[in-house]
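[1] Generate a structure from the sequence data that follows.
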Amino acid sequence: MNDTQTVACLAGDGVGPELMAAAARALDGVARLHALDVDDVHLPFAGEAVTRSGHALPAETRAGYRRVDAILVASPHEPALDGVKADLHLAWRIARVHFGANRDVVFFGAVDTANDRRAIARAFTCAASRRGRIACVGDSADWREAVERERGRWGGMNVALPTLGEALVGLKEDAGAFDVLVSESHLLTPLVDAAAHFAESKAAVAHAWMSDEGPGVFLPGSSEPDEHAGFGVADPTAMLFTTSLLLAEGLRRRSASRTLERAVGEAIGASTPRETREFTDAVLQLLPQARTDVDHFDEVWR
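    Numbering: from 1, shown residues only. I've put the predicted structure just below:
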């Protein structure tokens, strides 16, 4: 792994630049705290790029994000995002849903059935770096065979095989019973949507599309109305949780990810106003006391 890791920032227009600025500040703060060398490169994207060049996804942007370690997007519903995904060899998806401060569930699923085994393998690896617990939701024979094959590679892993209905009831009644959950590709979206509903906040969701052959794409589960742009009132919570997910799954820096995740959770617990700068300032101030140095996490994930 190179000493310097690079993140392409695709802010777009509307509230995107404000949210991306909050993410960049948080990334810089946690990188300095953990002595990481992270470089953020801001590339023209969507409305911003149209203003500059007349194209939502110009050639310089496409060339730029192919050379980085991870891609951070501020606007999850931007049509130009489809072009970014089409440029990359994306194989599996991740979603992290937060249920209150310092409680989360990480969901994995393949982009398509051809990548089921890859998604299962990555989910087991993630579970090993966390609490050693994983729930596998799927009914097809090929799926079950792939799960059992991966299960055999991890001695001592706590593996549950709930049905879709059992998983939904469990997420509703006691989400803390889950840690990592992997599902067949067609079940991932309904599971994550249900989890966001039970968490009572789409701002608690961060998404990623991942690849073995290039950078992953990270984006929040919700977007702020563009009419909030320029007033400093866009809620940065989802963007900051997404930055934490990027640290863990994109840059493989799980201890730094946990530090940021905990700081965001503590700021929420302290009922900090969700204005963009005020909330981000509070998170930055909380980083030192939220710091966690568990180097084993980084080593396992590599």
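
[2] ok, now how distant is the one residue sitting closest to the centre of the chain from residue 273?
    The centre of the chain sits closest to residue 245, judged by C-alpha atoms, centre = their mean, with a distance of 3.6 Å. Distance of residue 245 to residue 273, given as C-beta to C-beta, to the nearest Å: 24 Å. Where you see a C-beta, it was placed from the backbone N, CA and C, and this is true even at glycine.

[3] Run through this protein and note the low-pLDDT ranges.
    Across the chain, the ranges flagged by pLDDT under 70 are 1-2, 101-102, 202, 293-302.

[4] in it, which spans are helices?
    16-33, 46-53, 59-65, 80-87, 116-129, 141-151, 164-173, 185-199, 237-245, 254-269, 276-290, 295-301 (DSSP state H).

[5] would JSON lines of those helices with distance to residue 104 be doable?
    Output for the helices of the chain, formatted as JSON lines (distance: least, C-beta to C-beta, whole Å):
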{"stretch": "helix 16-33", "distance to residue 104": "17"}
{"stretch": "helix 46-53", "distance to residue 104": "29"}
{"stretch": "helix 59-65", "distance to residue 104": "27"}
{"stretch": "helix 80-87", "distance to residue 104": "24"}
{"stretch": "helix 116-129", "distance to residue 104": "12"}
{"stretch": "helix 141-151", "distance to residue 104": "22"}
{"stretch": "helix 164-173", "distance to residue 104": "12"}
{"stretch": "helix 185-199", "distance to residue 104": "9"}
{"stretch": "helix 237-245", "distance to residue 104": "9"}
{"stretch": "helix 254-269", "distance to residue 104": "7"}
{"stretch": "helix 276-290", "distance to residue 104": "14"}
{"stretch": "helix 295-301", "distance to residue 104": "14"}
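
[6] any idea which of these is most buried?
    Across the helices of the chain, the average number of neighbours (mean count of other C-beta atoms under 10 Å) peaks for helix 237-245, which reaches a mean of 28.

[7] would you put the C-alpha positions of it in PDB?
    The C-alpha coordinates for helix 237-245 follow below in PDB (Å, rounded to 0.1, in the frame of the first residue of the first chain):
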ATOM      1  CA  THR A 237     -24.400  13.900   9.300                       C
ATOM      2  CA  ALA A 238     -24.800  11.400   6.400                       C
ATOM      3  CA  MET A 239     -21.800  12.900   4.600                       C
ATOM      4  CA  LEU A 240     -19.600  12.400   7.700                       C
ATOM      5  CA  PHE A 241     -20.800   8.900   8.200                       C
ATOM      6  CA  THR A 242     -20.000   8.200   4.600                       C
ATOM      7  CA  THR A 243     -16.400   9.600   5.100                       C
ATOM      8  CA  SER A 244     -16.000   7.200   8.000                       C
ATOM      9  CA  LEU A 245     -17.200   4.300   5.700                       C
END
